[in-house]
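*Asks:* Okay, sequence plus prediction incoming.
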Amino acid sequence: MSLRRFISALAAVFFLTSLHAFAAASINPDWTTPQKPFRIAGNLYYVGSRDLASYLIVTPAGDILINADLPSSPPQIRASVEALGFHWKNIKILLNSHAHFDHAGGSAEVLRETGAKFMVMDSDVKPIESGGATDFDRLPTYPPAHVDRILHDGDKVRLGGTVLTAHKTPGHTRGCTTWTMQGKNSQGRTLNVVIVGGVAALSDYRLVATPGHPASYPGIAHDFEHTFATLKALPCDIFLGAHGSYFGLQEKLAKLPIEGPSVWIDPTGYRRFVNESQQDFEQVLKAQEQKAKIKSM
(Lines give C-alpha, C1' and ligand atoms only; values in the text may rest on other atoms or scores of the structure.)
Protein backbone atom coordinates (compact mmCIF):
# COMPACT_ATOMS: atom_id res chain seq x y z
CA MET A 1 0.00 0.00 0.00
CA SER A 2 1.38 3.43 -0.93
CA LEU A 3 1.97 6.01 1.78
CA ARG A 4 -0.79 8.20 0.33
CA ARG A 5 -3.33 5.35 0.38
CA PHE A 6 -2.28 4.37 3.90
CA ILE A 7 -2.79 7.95 5.13
CA SER A 8 -6.20 8.12 3.41
CA ALA A 9 -7.28 4.84 5.00
CA LEU A 10 -6.04 5.98 8.41
CA ALA A 11 -7.97 9.24 8.03
CA ALA A 12 -11.13 7.33 7.13
CA VAL A 13 -10.78 5.11 10.20
CA PHE A 14 -10.22 8.17 12.39
CA PHE A 15 -13.29 9.88 10.92
CA LEU A 16 -15.55 6.86 11.47
CA THR A 17 -14.22 6.33 14.99
CA SER A 18 -14.80 9.99 15.82
CA LEU A 19 -18.28 9.86 14.33
CA HIS A 20 -19.25 6.80 16.35
CA ALA A 21 -17.77 8.31 19.51
CA PHE A 22 -19.76 11.49 18.89
CA ALA A 23 -22.93 9.47 18.33
CA ALA A 24 -22.40 7.51 21.55
CA ALA A 25 -21.70 10.67 23.52
CA SER A 26 -24.76 12.47 22.17
CA ILE A 27 -27.31 9.69 22.72
CA ASN A 28 -30.07 10.58 25.14
CA PRO A 29 -29.84 8.21 28.15
CA ASP A 30 -33.59 7.59 27.83
CA TRP A 31 -32.89 6.02 24.44
CA THR A 32 -31.06 3.13 26.10
CA THR A 33 -32.69 2.95 29.53
CA PRO A 34 -35.06 -0.07 29.66
CA GLN A 35 -38.76 0.49 30.08
CA LYS A 36 -40.97 -2.20 31.56
CA PRO A 37 -43.11 -3.42 28.63
CA PHE A 38 -46.87 -3.11 28.76
CA ARG A 39 -50.08 -3.53 26.82
CA ILE A 40 -51.50 -0.38 25.24
CA ALA A 41 -54.78 -1.75 23.87
CA GLY A 42 -55.94 -5.05 22.42
CA ASN A 43 -53.04 -6.80 20.68
CA LEU A 44 -50.75 -3.72 20.73
CA TYR A 45 -47.83 -3.62 23.18
CA TYR A 46 -44.96 -1.25 23.98
CA VAL A 47 -41.53 -2.94 23.96
CA GLY A 48 -39.16 0.02 23.53
CA SER A 49 -36.92 1.94 25.92
CA ARG A 50 -37.93 4.95 28.02
CA ASP A 51 -38.01 7.12 24.88
CA LEU A 52 -37.17 5.12 21.74
CA ALA A 53 -40.50 3.53 20.94
CA SER A 54 -40.86 0.00 19.63
CA TYR A 55 -44.25 -1.67 19.28
CA LEU A 56 -45.26 -5.32 19.19
CA ILE A 57 -48.51 -6.33 17.50
CA VAL A 58 -49.50 -9.91 18.33
CA THR A 59 -51.62 -11.95 15.93
CA PRO A 60 -52.57 -15.66 15.54
CA ALA A 61 -50.39 -15.82 12.40
CA GLY A 62 -47.29 -14.33 14.01
CA ASP A 63 -46.26 -10.94 15.29
CA ILE A 64 -45.32 -7.54 13.86
CA LEU A 65 -42.56 -5.33 15.29
CA ILE A 66 -42.45 -1.60 14.55
CA ASN A 67 -38.94 -0.10 14.98
CA ALA A 68 -35.73 -1.95 15.81
CA ASP A 69 -34.27 1.29 17.23
CA LEU A 70 -30.49 1.66 17.83
CA PRO A 71 -27.92 -0.95 16.73
CA SER A 72 -27.62 -1.79 20.43
CA SER A 73 -31.40 -2.04 21.03
CA PRO A 74 -32.38 -5.58 19.85
CA PRO A 75 -31.39 -7.34 23.12
CA GLN A 76 -33.49 -4.86 25.12
CA ILE A 77 -36.46 -5.19 22.74
CA ARG A 78 -36.17 -8.99 22.81
CA ALA A 79 -36.11 -8.99 26.62
CA SER A 80 -39.29 -6.89 26.63
CA VAL A 81 -41.04 -9.15 24.13
CA GLU A 82 -40.17 -12.24 26.15
CA ALA A 83 -41.07 -10.56 29.47
CA LEU A 84 -44.59 -10.22 28.09
CA GLY A 85 -44.66 -13.97 27.42
CA PHE A 86 -44.23 -13.80 23.64
CA HIS A 87 -41.61 -15.47 21.46
CA TRP A 88 -38.91 -13.43 19.68
CA LYS A 89 -38.80 -15.75 16.68
CA ASN A 90 -42.57 -15.38 16.29
CA ILE A 91 -41.97 -11.92 14.77
CA LYS A 92 -42.86 -12.33 11.09
CA ILE A 93 -42.82 -8.70 9.92
CA LEU A 94 -40.55 -5.77 10.80
CA LEU A 95 -41.78 -2.25 10.05
CA ASN A 96 -40.11 1.12 10.53
CA SER A 97 -40.95 4.75 11.30
CA HIS A 98 -38.05 6.27 9.38
CA ALA A 99 -34.51 5.59 8.18
CA HIS A 100 -32.49 7.21 11.00
CA PHE A 101 -29.98 5.26 13.12
CA ASP A 102 -32.12 5.55 16.26
CA HIS A 103 -35.08 3.74 14.67
CA ALA A 104 -33.59 1.56 11.92
CA GLY A 105 -30.16 0.86 13.44
CA GLY A 106 -31.12 -2.49 14.95
CA SER A 107 -33.04 -3.73 11.90
CA ALA A 108 -30.34 -5.98 10.45
CA GLU A 109 -29.89 -7.77 13.79
CA VAL A 110 -33.64 -8.24 14.33
CA LEU A 111 -33.96 -9.68 10.83
CA ARG A 112 -30.99 -12.00 11.38
CA GLU A 113 -32.36 -13.32 14.66
CA THR A 114 -36.05 -13.64 13.73
CA GLY A 115 -36.09 -14.22 9.97
CA ALA A 116 -38.84 -11.58 9.67
CA LYS A 117 -39.69 -9.82 6.42
CA PHE A 118 -38.73 -6.14 6.35
CA MET A 119 -41.27 -3.74 4.83
CA VAL A 120 -40.21 -0.12 4.26
CA MET A 121 -41.68 3.00 2.61
CA ASP A 122 -40.35 3.52 -0.93
CA SER A 123 -38.22 6.62 -0.35
CA ASP A 124 -36.52 5.18 2.74
CA VAL A 125 -35.46 1.91 1.09
CA LYS A 126 -32.11 3.12 -0.29
CA PRO A 127 -31.06 4.83 2.97
CA ILE A 128 -31.89 1.71 4.98
CA GLU A 129 -30.18 -0.66 2.55
CA SER A 130 -27.08 1.58 2.69
CA GLY A 131 -27.19 1.88 6.47
CA GLY A 132 -27.92 5.59 6.23
CA ALA A 133 -24.93 6.31 3.99
CA THR A 134 -27.10 7.54 1.09
CA ASP A 135 -29.42 9.67 3.21
CA PHE A 136 -29.42 13.47 2.89
CA ASP A 137 -28.62 14.17 6.54
CA ARG A 138 -25.36 13.84 8.47
CA LEU A 139 -26.49 11.44 11.15
CA PRO A 140 -24.48 8.33 12.12
CA THR A 141 -24.62 5.30 9.86
CA TYR A 142 -25.72 1.83 10.98
CA PRO A 143 -25.70 -1.78 9.73
CA PRO A 144 -27.49 -2.00 6.34
CA ALA A 145 -30.62 -4.14 6.19
CA HIS A 146 -32.28 -5.83 3.22
CA VAL A 147 -35.83 -4.71 2.43
CA ASP A 148 -38.23 -7.47 1.36
CA ARG A 149 -41.26 -5.36 0.44
CA ILE A 150 -41.30 -1.77 -0.80
CA LEU A 151 -44.31 0.11 0.53
CA HIS A 152 -46.13 3.07 -1.00
CA ASP A 153 -48.41 5.66 0.54
CA GLY A 154 -51.63 4.02 1.66
CA ASP A 155 -50.39 0.42 1.42
CA LYS A 156 -51.77 -2.11 3.87
CA VAL A 157 -49.77 -4.60 5.90
CA ARG A 158 -51.92 -7.58 6.93
CA LEU A 159 -51.20 -10.43 9.29
CA GLY A 160 -53.51 -12.67 11.30
CA GLY A 161 -56.53 -10.39 10.99
CA THR A 162 -54.64 -7.19 11.92
CA VAL A 163 -54.34 -4.46 9.29
CA LEU A 164 -51.89 -1.55 9.44
CA THR A 165 -51.89 1.33 6.97
CA ALA A 166 -48.65 3.04 5.94
CA HIS A 167 -49.03 6.80 5.50
CA LYS A 168 -46.10 8.51 3.80
CA THR A 169 -45.34 11.57 5.94
CA PRO A 170 -42.03 12.81 4.49
CA GLY A 171 -39.71 15.63 5.44
CA HIS A 172 -37.98 14.25 8.52
CA THR A 173 -36.80 11.59 6.05
CA ARG A 174 -37.90 11.15 2.46
CA GLY A 175 -39.92 8.07 3.37
CA CYS A 176 -40.93 8.84 6.94
CA THR A 177 -43.95 6.68 7.75
CA THR A 178 -46.87 7.17 10.10
CA TRP A 179 -48.69 3.93 10.92
CA THR A 180 -52.38 3.61 11.70
CA MET A 181 -54.42 0.65 12.87
CA GLN A 182 -57.53 -0.08 14.85
CA GLY A 183 -57.61 -1.66 18.27
CA LYS A 184 -60.23 -2.42 20.88
CA ASN A 185 -60.39 -1.44 24.54
CA SER A 186 -61.60 -3.71 27.34
CA GLN A 187 -65.21 -2.68 26.64
CA GLY A 188 -64.90 -3.70 22.99
CA ARG A 189 -64.87 -0.13 21.64
CA THR A 190 -62.94 0.29 18.39
CA LEU A 191 -60.11 2.82 18.73
CA ASN A 192 -58.08 4.54 16.01
CA VAL A 193 -54.34 4.24 16.72
CA VAL A 194 -51.82 6.67 15.18
CA ILE A 195 -48.07 6.06 15.47
CA VAL A 196 -46.39 9.26 14.23
CA GLY A 197 -43.16 8.66 12.32
CA GLY A 198 -41.42 12.01 12.74
CA VAL A 199 -42.09 15.69 12.14
CA ALA A 200 -38.98 17.72 13.00
CA ALA A 201 -36.75 19.68 10.64
CA LEU A 202 -33.35 19.00 12.20
CA SER A 203 -30.87 21.82 12.66
CA ASP A 204 -28.80 20.92 9.58
CA TYR A 205 -31.82 20.60 7.26
CA ARG A 206 -31.93 23.14 4.44
CA LEU A 207 -35.57 23.80 3.62
CA VAL A 208 -34.73 26.64 1.23
CA ALA A 209 -32.12 26.62 -1.53
CA THR A 210 -29.57 29.44 -1.67
CA PRO A 211 -26.74 30.04 -4.19
CA GLY A 212 -24.24 27.23 -3.78
CA HIS A 213 -26.38 25.55 -1.09
CA PRO A 214 -29.29 23.50 -2.46
CA ALA A 215 -32.14 22.33 -0.27
CA SER A 216 -31.46 19.14 1.65
CA TYR A 217 -33.43 17.43 -1.08
CA PRO A 218 -35.75 18.86 -3.76
CA GLY A 219 -39.22 19.54 -2.37
CA ILE A 220 -38.41 19.02 1.30
CA ALA A 221 -40.45 22.02 2.46
CA HIS A 222 -43.45 20.89 0.42
CA ASP A 223 -43.08 17.40 1.87
CA PHE A 224 -43.30 18.76 5.42
CA GLU A 225 -46.43 20.73 4.48
CA HIS A 226 -47.96 17.57 3.00
CA THR A 227 -47.12 15.68 6.18
CA PHE A 228 -48.93 18.10 8.47
CA ALA A 229 -51.99 18.07 6.18
CA THR A 230 -51.96 14.25 6.29
CA LEU A 231 -51.61 14.07 10.06
CA LYS A 232 -54.42 16.57 10.60
CA ALA A 233 -56.75 14.42 8.50
CA LEU A 234 -56.13 11.18 10.42
CA PRO A 235 -58.72 10.14 13.02
CA CYS A 236 -56.92 9.52 16.31
CA ASP A 237 -57.97 8.07 19.64
CA ILE A 238 -54.69 6.51 20.80
CA PHE A 239 -51.73 8.82 20.12
CA LEU A 240 -48.31 7.16 19.84
CA GLY A 241 -45.06 7.91 18.05
CA ALA A 242 -41.49 6.94 17.22
CA HIS A 243 -40.34 8.68 20.42
CA GLY A 244 -42.12 8.46 23.76
CA SER A 245 -41.58 12.20 24.16
CA TYR A 246 -43.97 12.79 21.25
CA PHE A 247 -46.95 11.55 23.23
CA GLY A 248 -45.84 12.08 26.85
CA LEU A 249 -45.03 8.41 27.51
CA GLN A 250 -43.48 8.82 30.94
CA GLU A 251 -46.10 11.32 32.10
CA LYS A 252 -48.88 8.97 31.03
CA LEU A 253 -47.23 5.97 32.68
CA ALA A 254 -47.20 7.94 35.95
CA LYS A 255 -50.98 8.39 35.62
CA LEU A 256 -51.65 4.79 34.53
CA PRO A 257 -52.20 3.36 38.07
CA ILE A 258 -54.94 5.94 38.66
CA GLU A 259 -56.53 6.39 35.23
CA GLY A 260 -55.99 2.90 33.82
CA PRO A 261 -55.68 2.13 30.07
CA SER A 262 -57.79 5.20 29.18
CA VAL A 263 -54.62 7.25 29.73
CA TRP A 264 -53.55 6.30 26.18
CA ILE A 265 -56.68 7.83 24.65
CA ASP A 266 -55.52 11.35 23.83
CA PRO A 267 -57.00 12.92 20.67
CA THR A 268 -56.51 16.40 22.16
CA GLY A 269 -52.82 15.74 22.80
CA TYR A 270 -52.47 14.46 19.24
CA ARG A 271 -53.96 17.59 17.72
CA ARG A 272 -51.80 19.78 19.97
CA PHE A 273 -48.66 17.88 19.00
CA VAL A 274 -49.38 18.20 15.28
CA ASN A 275 -50.24 21.91 15.52
CA GLU A 276 -47.20 22.76 17.63
CA SER A 277 -44.91 20.73 15.38
CA GLN A 278 -46.26 22.55 12.34
CA GLN A 279 -45.68 25.90 14.03
CA ASP A 280 -42.08 24.90 14.80
CA PHE A 281 -41.54 23.90 11.16
CA GLU A 282 -43.06 27.13 9.86
CA GLN A 283 -40.78 29.20 12.10
CA VAL A 284 -37.72 27.38 10.77
CA LEU A 285 -38.95 27.76 7.19
CA LYS A 286 -39.63 31.49 7.63
CA ALA A 287 -36.19 32.08 9.15
CA GLN A 288 -34.49 30.25 6.29
CA GLU A 289 -36.56 32.12 3.69
CA GLN A 290 -35.58 35.46 5.25
CA LYS A 291 -31.92 34.44 5.32
CA ALA A 292 -32.10 33.38 1.68
CA LYS A 293 -33.69 36.71 0.72
CA ILE A 294 -30.89 38.64 2.42
CA LYS A 295 -28.23 36.58 0.66
CA SER A 296 -29.86 37.24 -2.72
CA MET A 297 -29.77 41.04 -2.29
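*Replies:* Perfect, thanks for sending it. Numbering: from 1, shown residues only.

*Asks:* can we go C-alpha only for contacts and neighbour counts from here?
*Replies:* OK.

*Asks:* For the longest helix along the chain, could you pull out the residues that count as buried?
*Replies:* The longest helix of the chain (DSSP state H) is helix 267-296. Neighbour counts over helix 267-296 (16 or more other Cα atoms under 10 Å) mark 267, 269-271, 273-274, 277-278, 281-282, 284-285, 288-289 as buried.

*Asks:* Measure how far it is from the centre of its chain, please.
*Replies:* 20 Å (Cα atoms, centre = their mean, to the nearest Å).

*Asks:* which element follows the host helix or strand of residue 110 toward the C-terminus?
*Replies:* According to DSSP states H and E, residue 110 maps onto helix 107-114. Moving toward the C-terminus from helix 107-114, the next helix or strand (DSSP H and E) is strand 117-121.

*Asks:* which residues are in contact with that following strand?
*Replies:* By Cα atoms under 8 Å, 6 or more residues apart in numbering, the residues outside strand 117-121 that reach it are 92-96, 111, 146-153, 166, 168, 175-177.

*Asks:* Am I right that residue 140 is in a strand?
*Replies:* No: using DSSP: H, G, I helix; E, B strand; the rest coil, the secondary structure at residue 140 is coil, not a strand.

*Asks:* With residue 70 as the reference, measure out to residue 141.
*Replies:* Distance from residue 141 to residue 70, counting by Cα to Cα, to the nearest Å: 11 Å.

*Asks:* brain fart, residue 50
*Replies:* Distance, residue 50 to residue 70, by Cα to Cα: 13 Å.

*Asks:* So what's the residue count around residue 114?
*Replies:* Residue 114 is flanked by 16 other residues according to other Cα atoms under 10 Å.

*Asks:* Give me the spatial nearest neighbour of it, chain neighbours excluded.
*Replies:* residue 89 (4.6 Å; Cα to Cα, 6 or more residues apart in numbering).

*Asks:* mind listing the helices for the stretch 101-250 of the chain?
*Replies:* Along the stretch 101-250 of the chain, counting by DSSP state H, counting those that start in this stretch, helices occupy 101-104, 107-114, 125-129, 220-233, 249-259.
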